[in-house]
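J.: here you go, sequence then predicted model.
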Amino acid sequence: MKKVILDTDPGIDDAMAIFTAFEHPEIELLGLTTTFGNVSVEQATTNALTLVEMAGVDVPVARGVATPWFKDLSDFPDFVHGTDGFGNLNLAAPKGKPIDQSAAQFIVEQVNANPGEISLIAIGPLGNLAAALQIDPSITSKVKEVVLMGGVIAADGNVSPVAEANILSDPHAADKVMAASWPVVIVGLDVTHQVVLNNALFANIAKKNSKVGGFMSKAAQFYIDFYSSIRDIDGCYAHDVSAVAYVVDSSIFGTIEGEVCVATEGVAIGQTIMSRFGIPYPLTFWADRPKQKACMEVDSDRLVALFETSMTSDFWK
Ligand code: BDR
Ligand code: CA
């Protein structure tokens with residue numbers, strides 16, 4: 001079993017990742033931590049609590065940062081996830097409440113209590129991880145790995161020609177996370193844009209999973225409608241669930257490594273720039289940074305199968 005904290009801004013594809021983490025027998029989910037991103041942090045926290053209740057699991061939720069570290073807060077992308085984050089399904093409010101600790105405090109406490117054991121999976125902007133590093137920089141040597149859906153190394157961005165949404169939402173926090181001496185794995189658009197989840201898949205999930213399948217399929221429809229309106233695909237990309245899949249089975253992915261800087265201003269703001277190929281560039285931006293990994297290849301069939309198996313297993317009966 002792998003101990004996991006999942007940092008999230010739910011979010012339709014976040015819900016896919018969260019349900020997979022709830023279900024997967026390889027994952028012991030210690031908690032969900034929330035951030036602004038797809039929606040406000042208030043809505044993200046409500047949504048995380050809703051998913052916990054819907055699935056009937058006992059997983060604490062810790063509320064996190066409401067704004068970027070330095071940059072102004074941008075409008076939330078309601079055209080991608082709906083104003084409620086779940087495709088405007090406007091579900092009833094959950095009964096549960098977040099715990100008293102902040103997301104960053106929860107991360108620091110859990111990492112110190114479980115040295116060497118926790119995989120931090122981050123599928124939203126990275127302010128909570130940056131805040132945890134500020135509270136206790138020693139967590140870098142105690143976290144097993146930081147696996148994040150965010151960034152793009154060689155493919156196109158999705159919120160600018162070079163930037164991915166989670167990184168652009170808080171580039172200063174992202175740069176702090178990349179510079180820290182802990183093992184980061186970027187599961188970014190280089191791989192998530194290679195994996196499409198289609199309507200037939202969600203219809204099967206709705207049929208076989210009477211607990212959360214109907215919700216997941218309806219919310220996914222909103223996400224699919226958005227993607228099919230802007231890209232030539234019949235479905236949606238498997239962004240956030242890809243980071244969970246990496247923790248469960250990293251052999252689904254092929255990686256490269258190099259030092260990473262995040263552009264924090266100018267036309268390239270939000271770009272994740274990896275110094276790769278071992279070229280001795282004269283610029284010193286990457287000097288003294290640790291080598292981090294980035295996923296560049298993915299076995300799409302195995303990733304889709306992992307998600308479908310997880311969403312249709314007996315766990316949901
Ligand atoms: C990322 O941005 C958000 O809209 C998604 O939830 C995902 O985490 C994809 O760029
Ligand atoms: Ca997300």
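T.: That came through fine. Ligands and ions are numbered 1, 2, ... in the order given.

J.: what residues does the stretch 1-150 of the chain have near ligand 2?
T.: Within the stretch 1-150 of the chain, the residues that sit near ligand 2 (Cβ under 5 Å from the ion) are Asp9, Gly11, Asp14, Ile123, Gly124. All C-beta spots, glycine's among them, are computed from the backbone N, C-alpha and C.

J.: of those residues, which ones also sit close to ligand 1?
T.: Near ligand 1, taking Cβ under 6 Å from any ligand atom as the test, the members of these found are Gly11, Asp14, Ile123, Gly124.

J.: dump the residues of the stretch 1-150 of the chain next to ligand 2 to CSV, plus secondary structure, pLDDT and neighbour count.
T.: Putting those into CSV (DSSP: H, G, I helix; E, B strand; the rest coil; pLDDT from 0 to 100; neighbours: other Cβ atoms under 10 Å) gives the following:
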residue, secondary structure, pLDDT, neighbour count
Asp9, coil, 98, 30
Gly11, coil, 96, 29
Asp14, helix, 98, 31
Ile123, coil, 98, 31
Gly124, coil, 98, 33
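
J.: now do the contacts for the one residue in the stretch 1-150 of the chain that gets nearest to ligand 1.
T.: Across the stretch 1-150 of the chain, no residue is closer to ligand 1 than Gly11, which sits at 4.2 Å (Cβ to the nearest ligand atom). Residues counted as contacts of Gly11 (Cβ atoms under 8 Å, 6 or more residues apart in numbering) are Gly37, Asn38, Val39, Ala44, Asn47, His81, Gly85, Ile123, Gly124, Asp240.

J.: make a PyMOL selection of the buried ones in the residues you listed.
T.: Command for PyMOL that selects the buried part of those, burial taken from 16 or more other Cβ atoms under 10 Å:
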select buried, resi 37+38+39+44+47+81+85+123+124+240
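
J.: got JSON lines for the contacts of Gly11, with secondary structure too?
T.: JSON lines is the format used below for those (DSSP: H, G, I helix; E, B strand; the rest coil):
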{"residue": "Gly37", "secondary structure": "coil"}
{"residue": "Asn38", "secondary structure": "coil"}
{"residue": "Val39", "secondary structure": "coil"}
{"residue": "Ala44", "secondary structure": "helix"}
{"residue": "Asn47", "secondary structure": "helix"}
{"residue": "His81", "secondary structure": "helix"}
{"residue": "Gly85", "secondary structure": "coil"}
{"residue": "Ile123", "secondary structure": "coil"}
{"residue": "Gly124", "secondary structure": "coil"}
{"residue": "Asp240", "secondary structure": "helix"}
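
J.: quick check: phi and psi at the residue of the stretch 1-150 of the chain closest to ligand 1.
T.: Main-chain dihedrals, Gly11, degrees, to the nearest 10: phi 100, psi 120.

J.: would you mind measuring from it to Asp78?
T.: Separation of Gly11 from Asp78 (Cβ to Cβ, to the nearest Å): 12 Å.

J.: surely Val159 is in a helix?
T.: No. Counting by three-state DSSP, Val159 is not part of a helix but coil.

J.: angles on the backbone of Gln221, please.
T.: Torsion angles at Gln221 (phi, psi; degrees, to the nearest 10) stand at phi -60, psi -40.

J.: on that earlier part again, which of the contacts of Gly11 lies closest to Ile224?
T.: Closest to Ile224 out of the contacts of Gly11 is His81 (12.2 Å), distances taken as Cβ to Cβ.

J.: skipping its backbone neighbours, what lies nearest the closest one in space?
T.: With sequence-adjacent residues excluded and distances taken as Cβ to Cβ, 6 or more residues apart in numbering, His81 is closest to Asn38, at 4.5 Å.

J.: the closest residue to Pro137 other than its chain neighbours: neighbour count?
T.: With sequence-adjacent residues excluded and distances taken as Cβ to Cβ, 6+ apart, Pro137 is closest to Ala180, at 7.9 Å. Ala180 has 21 neighbouring residues, counting by other Cβ atoms under 10 Å.

J.: the one helix or strand Cys261 maps to: what's the following helix or strand?
T.: Using DSSP states H and E, Cys261 maps to strand 253-262. Later in the chain than strand 253-262, the nearest helix or strand by DSSP H and E is strand 272-275.

J.: that next one pairs with which strands, and in what direction?
T.: Take DSSP bridges as the rule and strand 272-275 pairs in its sheet with strand 253-262 (antiparallel).

J.: which helix or strand contains the residue lying closest to Pro183 once chain neighbours are set aside?
T.: Excluding the flanking residues, the one nearest Pro183 by Cβ to Cβ, 6+ apart is Glu145, at 4.9 Å. According to DSSP H and E, Glu145 maps onto strand 143-148.
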